[in-house]
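**Student:** Fold the stuff below for me.
(one chain, ligands or ions: 2)
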Amino acid sequence: MAIPDGTTFKTEVDDLLHETRVFQVPSLFHNLANIKNDSLYAKAKTDRVAFWEECAKKLHWTTPWKQALIWEKPFAKWFVGGKINASYNCLDRHIKANLGNKTALIWEGENGEERTFSYAESYLEVNKLANAIKSLGIKKGDRVAIYMPMVPEAVFAMLACARIGAIHTVVFGGFSAEALRDRINDAQAKLLITADGGFRRGNIVPLKNIADTALEQTPGIQDVIVVQRSKAEVAMKRGRDHWYHDVVRNVKPYCEPEAMDSEDVLFILYTSGTTGKPKGIVHSTGGYLTGVYNTTHWVFDLKPNDIFWCTADVGWVTGHSYAVYGPMSNAATQILYEGAPDFPERDRFWRIIEKYKVTILYTAPTAIRAFMKWGDQWPKGCNLGSLRLLGSVGEPINPEAWMWYYENIGGQKCPIVDTWWQTETGAIMITTLPGVTPMKPGSAGKPLPGIDAEILNEEGQIIPAGGGFLSLTSPWPSMLRGIWGDPQRYKETYWGRWQGKNYFAGDGTKRDKDGYFWFLGRVDDIMLVAGHNISTSEVESALVDNPMVAEAAVVGVKDDIKGQAIAAFVILKEGHKLNAKTEEILKEHVSQKIGALARPSRIIFTADVPKTRSGKIMRRLLRDIAEGRVLGDITTLADAGIVAALKEKYQEA
Ligand code: ATP
Ligand code: MG
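**Tutor:** Numbering: from 1, shown residues only. Ligands and ions are numbered 1, 2, ... in the order given. Down below sits the predicted model:
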C-alpha cells in the first residue's frame, strides 16, 4: 500500500475521534499493583538484553545459558546454551514450592459439569500422559497435533508434549476436516490427540468423526488418542486409535522432563488467517516462556489469590500464552469454560464470573460487541463485584465498546488492558501497565519494557508522531523463530518490506503526542480515498459510536473518481429497526465524527459479517464481495453462509 505524501500516514481523524478521555489508574489498584512505577521501562532502556536476562532468571533452568542473544537478522536466538523444560516450569516448580494443593484449573463444561484440578493433580495427569505418548514411540522433536474441545485434557496434552520435548500444534476444535488435514500434513505430525466430541450451544461437535475424515489423507499419523468427553458414538480404528483413559491407565506416574535447549521448538501454531493463508508460526522454549511468564505478571498483575479467566480457546495463541503457559508458569488459578457465551442464556459468562468470583477477565472485542448487542440486562443480572482487572485482545477495541466494557462489566473500577500482540510475537507487546499507565479508550498504550516498537514510513524511516506501519525494531525473547518449513516465506512476509532491516507487523498504527499507539487496521485494509489514507478501524468506530449500531466492517472499493470509496457493512443493535432514513443518519454521523472524506458511499445492512474462527472480521472477503472477485482463502472462515448471503445482497442493492 502506498502512502501518498511519503512521510505521514495521515488519517483525517487525528485527534478528533480520539478527543479521548483519559482514565487514571484507580489508586487502590495502583497501591497493590505488582508494577507500581516506570522503573522497569528505565531498566530495560539502560540495557535491554540484560533486562531480559533478569526476566529469564525468574524461570527454572537446569543449565544456565552461555550467551543471552545471538542476532543474525532475521533470526534471533535467546539464552543460547541454556536448558529448560516448559512443563517443569508450569508444574514441578510449584509443587516444590508447596503449591501442590493450589487449584490450577476450574473447568466448567457447557452442560454445567464441573471439574477442578490442583497443581499436584495436573502434574500427575501430565506425567501419565507424557509416558503414554512416549510409549507410542513419540520422541523429542516429533510433532503432535491436538484437536480438542476446551477441556482440561487439552491443557494436559500440551504440557505432556512439552515435557517430553515433542512439538505440539494445536488446531482449533471448530476447524473443518480439510483445515485439520492441511495443518497435520504441513507439520508432519505423527500423533493426533482428539476427543469424541465437545459441546457447543447444546450440540455435540463430532471432533473424532471430523478427524477421521481428515485422517484419510494424513499419511504421517500413526496413532490417535481419543478423550472421552461427549460419549458420542465414534469409530475406533484398531491399532491406530486409543482411548485416553486406556493409555494412561498402566503407565508410571512420573516422567522425567526432557532438558530442552532454550532454542528447541516448543510449538507450531497456525495464524488465524485474517489476511490470507495461515502461516505455521514456530516458537522456541526459553524465549517464549520468558515472554509469557513476565507479561502475565506485569500486565495481568497476577496475585496468588486471583481467579484468572482468559476466554480464548487453546487453539489460538491467546489460549497458548494466557490460558496455559503464562498463567501456569505463574501458578495461577484459572477458569476453563468449554462452550458458547450464549448458552443456555446470554449471561453465561457473567454467571461464571459470579459463581467462581473471577477477578481478572481477558476476552476479545468481538465478544464485547456481541454482549453490547444483546443488551445491558444480562450482566446487570449478575454480581460482577469480584472483578478487578479487564483485558482485551484480537482486534482494535473501539472506544464505544471500551466504555461499555468499563462501565457494565468493570463497574468503573477495573483498569482495562488493551493488549496488542500477534501469534508471531508470542506475548503481549503493546499495552498499558494496569497500575501505572493511564488509559485512553481505543488505544492499546505503549510498548512494554524491553520491547522496541516504532512507526515507520514506506522507506523505513521512523515517524515520531502520526501514522504509518508498525515495526518491532529490536529482537525480543518470545519472537517467532520462523514459519514451519518455509524460511523464505518468513523472510518475505515479515522482513521483505524494508529489505530485511525491520520486522513488519502488518498493522497500520498511529502514535499520539503522548506516545500512545492507536491501531488503525490491517495495512492491506487501509483505504485510500481521494489521496487520503483512511483507517478502517476509525470509520468503524465512528459507526459503532452511533447508538443504533452494534458492529461495523468497513472496506475500500474501487471508485473511478476517488480511487477508492468506502463501503460499510453494518449490524444494527437488537431492537433497532431499519428505515428509510437510517442509512443517511449513519453516513452523516461518520461525516460529523471524522469529516466528509470518511463518509461511506454505501452502507449495507446485514445480520452478520464474515469472521475468522477466532472472531475477527475478514475485510478481505468483504472487498472480494464488493469488487465482484472470486473469494480468497476461506478455510478459516467461521460461517460460509454469511458470505453467500452478503454477495447476493450486495449485488441486489
Ligand atoms: P493472519 O496473520 O493469518 O492474517 P491474524 O493476524 O488475525 O491472522 P493473529 O496472530 O491471531 O492472526 O492476530 C494478530 C493480529 O490481531 C494483529 O496483527 C492485529 O492486527 C490484531 N490485534 C490483536 N490484538 C490487537 C489489539 N489489542 N489492538 C489492535 N489490533 C489487535
Ligand atoms: Mg497476522
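**Student:** List the beta-bridge partners for Val80.
**Tutor:** Gln67 (DSSP bridges).
**Student:** so it touches Asp264, yeah?
**Tutor:** No - if you go by Cβ atoms under 8 Å, Val80 and Asp264 don't touch, sitting 11.5 Å apart. Quick note: C-beta positions are derived from backbone N, CA and C, even for glycine.
**Student:** neighbour count winner among these two?
**Tutor:** Counted by other Cβ atoms under 10 Å, Val80 and Asp264 do not tie: Asp264 has more neighbours, with 20 against 15.
**Student:** what about that one, distance to ligand 1?
**Tutor:** Separation of Asp264 from ligand 1 (Cβ to the nearest ligand atom, to the nearest Å): 22 Å.
**Student:** show me the residues around the residue nearest to that residue when sequence neighbours are not counted that make contact.
**Tutor:** Nearest residue to Asp264 in three dimensions, chain neighbours excluded: Thr285, at 5.2 Å (Cβ to Cβ, 6 or more residues apart in numbering). By Cβ atoms under 8 Å, 6 or more residues apart in numbering, Thr285 lies in contact with Ile84, Asn85, Ala86, Ala162, Met260, Asp261, Ser262, Glu263, Asp264, Val265, Leu266.
**Student:** Repeat that for Ile221.
**Tutor:** Ala145, Ile184, Ala189, Lys190, Leu191, Leu192, Leu215, Arg240.
**Student:** just how off-centre is stretch 514-522 within its chain?
**Tutor:** Computed by Cα atoms, centre = their mean, to the nearest Å, the separation of stretch 514-522 from the middle of its chain amounts to 18 Å.
**Student:** Buried residues in that stretch, which are they?
**Tutor:** Tyr516, Phe517, Trp518, Phe519, Leu520, Gly521, Arg522 (16 or more other Cβ atoms under 10 Å).
**Student:** how far away is the residue lying closest to Gly615 once chain neighbours are set aside from ligand 1?
**Tutor:** Distances taken as Cβ to Cβ, 6+ apart put Thr366 closest to Gly615, at 3.6 Å, once the chain neighbours are dropped. Thr366 sits 11 Å away from ligand 1, going by Cβ to the nearest ligand atom.
**Student:** Report all helices and strands that the helix or strand containing Thr366 contacts.
**Tutor:** In this assignment (DSSP states H and E), Thr366 forms part of helix 365-374. In terms of contacts (3 or more Cβ pairs under 8 Å, 6 or more residues apart in numbering; DSSP states H and E), helix 365-374 is packed against helix 399-404, strand 549-559.
**Student:** rewinding a little: just the buried subset of the contacts of Ile221, please.
**Tutor:** Ala145, Ile184, Ala189, Lys190, Leu191, Leu192, Leu215.
**Student:** If the first one is in a bridge, with which residues?
**Tutor:** When bridges are assigned using DSSP bridges, the partners listed for Ala145 are Thr169, Leu192.
**Student:** Contact partners for it?
**Tutor:** Applying Cβ under 8 Å, 6+ apart, the residues contacting Ala145 are 168-171, 180, 183-184, 187, 189, 191-193, 221.
**Student:** Same question for the fourth one.
**Tutor:** When the contact criterion is Cβ under 8 Å, 6+ apart, the partners of Lys190 are Gly137, Ile138, Asp142, Arg143, Val144, Gly220, Ile221, Gln222, Asp223.
**Student:** Select, from the contacts of Ala145, the two members most distant in space.
**Tutor:** Using Cβ to Cβ, the two most remote members of those are Val170 and Ile221, lying 15.4 Å apart.
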